[in-house]
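[1] How does the following fold in three dimensions:
(chains A, B, C, D, E and F)
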4 protein chains.
Amino acid sequence: MKRARTEEAKDARRQVLLDAALDEFFERGFTAARTHDIAERAGLSKGTLYLYFDSKEALFSELIESLTSPNLARIDEIAATSPSALDAIDRFTGFASHLVRTSDLPRLMKVLIGDSQHFPETMKRYREEVLERVLGAIGSVLEAAKSRGEIVVGDPHLTARLVIAPVLFSGIWQAMFGADPKAQVDLEALFGEHARLLRRGMETADVRDGDHA
Amino acid sequence: MKRARTEEAKDARRQVLLDAALDEFFERGFTAARTHDIAERAGLSKGTLYLYFDSKEALFSELIESLTSPNLARIDEIAATSPSALDAIDRFTGFASHLVRTSDLPRLMKVLIGDSQHFPETMKRYREEVLERVLGAIGSVLEAAKSRGEIVVGDPHLTARLVIAPVLFSGIWQAMFGADPKAQVDLEALFGEHARLLRRGMETADVRDGDHA
Amino acid sequence: MKRARTEEAKDARRQVLLDAALDEFFERGFTAARTHDIAERAGLSKGTLYLYFDSKEALFSELIESLTSPNLARIDEIAATSPSALDAIDRFTGFASHLVRTSDLPRLMKVLIGDSQHFPETMKRYREEVLERVLGAIGSVLEAAKSRGEIVVGDPHLTARLVIAPVLFSGIWQAMFGADPKAQVDLEALFGEHARLLRRGMETADVRDGDHA
Amino acid sequence: MKRARTEEAKDARRQVLLDAALDEFFERGFTAARTHDIAERAGLSKGTLYLYFDSKEALFSELIESLTSPNLARIDEIAATSPSALDAIDRFTGFASHLVRTSDLPRLMKVLIGDSQHFPETMKRYREEVLERVLGAIGSVLEAAKSRGEIVVGDPHLTARLVIAPVLFSGIWQAMFGADPKAQVDLEALFGEHARLLRRGMETADVRDGDHA
DNA sequence: TATGAATGAGTCTTCATTCAT
DNA sequence: GATGAATGAAGACTCATTCAT
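    Predicted structure coming up:
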């Protein structure tokens, strides 16, 4: 393989290795994945992998890190800029649908679930910095809306989990059965129906009266 | 360890090994789990494990099998005996809440997701015989209710996934973070709210009029 | 290879491995020695070695330990029971000659010198518990004799090093060139001459007068 | 690093690498020493090392060679110019003390002993061309003195080993424990006492009579 | 000449499986 | 039936050496 002399070339190499790593970790799990296969899939030799990452564990951690950070900003942004809770929920589910359908998120989810035991610290951080942050953002939106009498819900922070649940469900489904044509799901329709049910489920009688008026 | 001479004694041994196997497979994943540890946790020696199971893979397969079959009947029964879709949903979520809180289901889910790659056939069968059967049962209930004008939903079979999603979500959460006191979730409240939202989300305007009348 | 079920059989296995380890460590040095070769030389498989020792390092440490302890008692005994310093020196050199000619000491010395860097702690302990103990014992004998006017020496504890030096020299020579017939040395004669020179070098004028009277 | 264009500049590079090599080989042994570290210690890159030496082994061999040759001439000179055997011994031990205290000899000795196995030919040549030459020179001096009735010794060539032994002992001690302040030895005093003991041990009764007359 | 990225053979160690006891 | 000692295949990681730049 040609040599990566510049910083950019090296970053590209890192990325190729991270991509290959996700493939292998997803397909086989952390323990069963072989560094040799990761390197080979990246078109490099085993030794080269170790020029870029200290160990298989470090590779794993950096992979999680690299896939995790990007979307957080977007979540915060949606929470901050949505005029109403119902609107925020539409946008959340739309964004989630997009992520599940086109990003590495589903495969990442599978990997995280399967290998959580190896990286309790990483998982704890992931839960606190990603999951609970997302749940918190959604929960706050619902809470504010509830206090404004805009929606009718029980505990907004529990409800946030119900908003998110179909994302996880779809992601896992996609990751595990996505390869089988018979297991395809129309995710846009699914998230559309999810948004609709949430909307109706949370809307106040007033709104509803108007609704069917 | 004493010898198991009767058939019952042998079945008991098998069960002890299966229990130990779930613990280890859950805690470490299929590849990282060691037969030695499974045997030890079962209070037996490594060699004995091989008297009862042909291999680590066979042990895994039989474990999945043994945990998978039981609850199916109950699902069918709920679907068959519920007077209305809304009632069925209450009972489904109640049952699900119970399963997630008290059965091995959450740990099984984690294991299945994490090690799916090793057993594509098992996973396919699990999807077809368990997941799609459950989804199908729920979907049929919704479909019937819809055709009777009892509820308002889009595709009933997509909607079934929304009914199930929080079960998966909670199960995974439970399995992954259940050990951390700071990550506890009030599952009864969660499923209660889920049932409430679904109810309101699907109910017809008529019902609702009566609701707030 | 047959199985070692009893404790004695296991101890024998350990000893066979230790013997093989000394051979390999001596011939190749710690780093270059391969666990595979040690096991093979012991007539066992690679994996079996790890049933008896935690690691290559542990094997090395236990080897040193096992070869080091035995002779200490004998040294102390000689120091304690010799009627005179000159007599003690005869017996020390006789014992040393014996060790260098027939025991594993020369090969151990070579190993210790060559791989000291890997085991600074072990080496420090070896110096303190073996070397300085031997030097101390000899030094004390000389010191007592000197204070009784029995011998003429400078610092008795420096002199102890001169008593020991030919042992090290011969041991190393033996270990490094012992295989070559052209490098053979008559060790008995060598140590005899050493004893004679020391005797004459340390004896008082009085003794000497009598000597040639 | 700047390029070495002239022959002198290249020789300087070689020497820097040899110095660095001695450090690393001494500290870690041949097998464990890394070419990377040697180059780095020399302020050069790994690749450059291979411009100057064919391989790690060649570097090692040339290192031994370069450290071995120098002092031979001095040995021959002492043997040739000393008026008497007893005088020659004084001068040998003085020179040895100097070497052990200030030259690379102790570290070289450690390296040679530790890694002898890798270079049987080098070791054989070293034994023949250095050790036995030194022993031969000393032995011849003693032999001549003995035949002149100047000293009383057994086999002069065995005795030569006794003359040399404390040099090896001190060298090894220095190399292995020299870093620890608690293991310091007053080498001048040691070699002084050595010379004194040899002198008295070998001198004839006549001399001694004069001695104490 | 000098560099250091790339390579892959080589080594320690683990662990599923076998089988003598 | 039960045991655990023995085996050896497999995998993470290192490092001498090469060679494109």
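[2] C-alpha only now, for contacts and for neighbours.
    Fine.
[3] Show the contacting residues for the spatially most central residue of chain A.
    Nearest to the geometric centre of chain A sits A:L105, at 4.3 Å (Cα atoms, centre = their mean). By Cα atoms under 8 Å, 6 or more residues apart in numbering or on different chains, the contact list for A:L105 reads A:L67, A:L99, A:G171.
[4] and the gap between it and chain B?
    The gap separating A:L105 from chain B is 15 Å, by Cα to the nearest Cα, to the nearest Å.
[5] What confidence value was assigned to that residue?
    We have a pLDDT of 89 for A:L105.
[6] For DNA strand F, see how far away it is.
    Taking Cα to the nearest atom of the strand, to the nearest Å as the measure, A:L105 falls 23 Å from DNA strand F.
[7] same question, A:A137
    Taking Cα to the nearest atom of the strand, one finds A:A137 at 37 Å from DNA strand F.
[8] Shouldn't that residue be within a helix?
    Yes - counting by DSSP: H, G, I helix; E, B strand; the rest coil, A:A137 falls inside a helix.
[9] ok, now which ones touch it?
    Shown in contact with A:A137 (Cα under 8 Å, 6+ apart): A:I75, A:D76, A:A79.
[10] got a winner among those for most neighbours?
    Within these, A:A79 tops the neighbour count with 24 neighbours, counted by other Cα atoms under 10 Å in any protein chain shown.
[11] host element of that residue?
    Using DSSP states H and E, A:A79 sits within helix A:70-81.
[12] cool, A:E143 as well?
    For A:E143, the host element (DSSP H and E) is helix A:132-147.
[13] And that helix, what's buried?
    Of the residues in helix A:132-147, A:132-143, A:145-146 count as buried by neighbour count, 16 or more other Cα atoms under 10 Å in any protein chain shown.
[14] quick one on the thing from earlier: present the contacts of A:L105 as TSV; the columns should include secondary structure.
    Converted to TSV, the contacts of A:L105 look like this (three-state DSSP):
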residue	secondary structure
A:L67	helix
A:L99	helix
A:G171	helix
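[15] Closest residue of chain A to chain B?
    Across chain A, the shortest distance to chain B (Cα to the nearest Cα) belongs to A:G114, at 3.4 Å.
[16] who's in contact with that residue?
    Counting by Cα under 8 Å, 6+ apart, A:G114 has contacts A:G29, B:G29, B:K110, B:V111, B:I113, B:G114, B:D115.
[17] what residues are up against the last one?
    In this structure, B:D115 makes contact with A:R28, A:G29, A:G114, B:G29, B:F30, judged by Cα under 8 Å, 6+ apart.
[18] in which helix or strand would I find the third one?
    Think A:G114. helix A:105-115.
[19] Which strand or helix spans A:A179?
    Here A:A179 is assigned to no helix or strand, by DSSP H and E.
[20] Tell me how many other residues surround it.
    A count of nearby residues for A:A179, using other Cα under 10 Å, gives 10.
[21] ok, now A:F119?
    Counted with other Cα under 10 Å, A:F119 comes out at 14.
[22] rewinding a little: neighbour-wise, give me the winner out of the contacts of B:D115.
    Taking other Cα under 10 Å as the neighbour criterion, A:G114 ranks highest of these with 29 neighbours.
[23] what's the distance between that one and chain C?
    Note on A:G114: its distance to chain C, by Cα to the nearest Cα, is 30 Å.
[24] Distance check, that residue against A:E121.
    With the distance defined as Cα to Cα, to the nearest Å, A:G114 ends up 15 Å from A:E121.
[25] on that earlier part again, I'd like the distance from the helix holding A:E143 to the chain centre, please.
    How far helix A:132-147 lies from its chain's middle: 18 Å, per Cα atoms, centre = their mean, to the nearest Å.
[26] tell me the angle it makes with helix A:70-81.
    If you take axes from the mean of the first three to the mean of the last three Cα atoms, to 10 degrees, helix A:132-147 sits at 10 degrees to helix A:70-81.
[27] then helix A:132-147 to CSV, C-alphas only?
    Extracted as CSV, the C-alpha positions of helix A:132-147 are listed here (Å, rounded to 0.1, in the frame of the first residue of the first chain):
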residue,chain,number,x,y,z
GLU,A,132,-29.6,10.6,28.7
ARG,A,133,-28.7,13.8,27.0
VAL,A,134,-31.1,13.0,24.2
LEU,A,135,-33.7,11.8,26.6
GLY,A,136,-33.2,14.9,28.7
ALA,A,137,-33.6,17.2,25.7
ILE,A,138,-36.8,15.5,24.6
GLY,A,139,-38.0,15.3,28.2
SER,A,140,-37.5,19.1,28.7
VAL,A,141,-39.3,20.0,25.6
LEU,A,142,-42.3,17.9,26.7
GLU,A,143,-42.1,19.2,30.2
ALA,A,144,-42.2,22.8,29.0
ALA,A,145,-45.1,22.1,26.7
LYS,A,146,-46.9,20.3,29.5
SER,A,147,-46.5,23.2,31.9
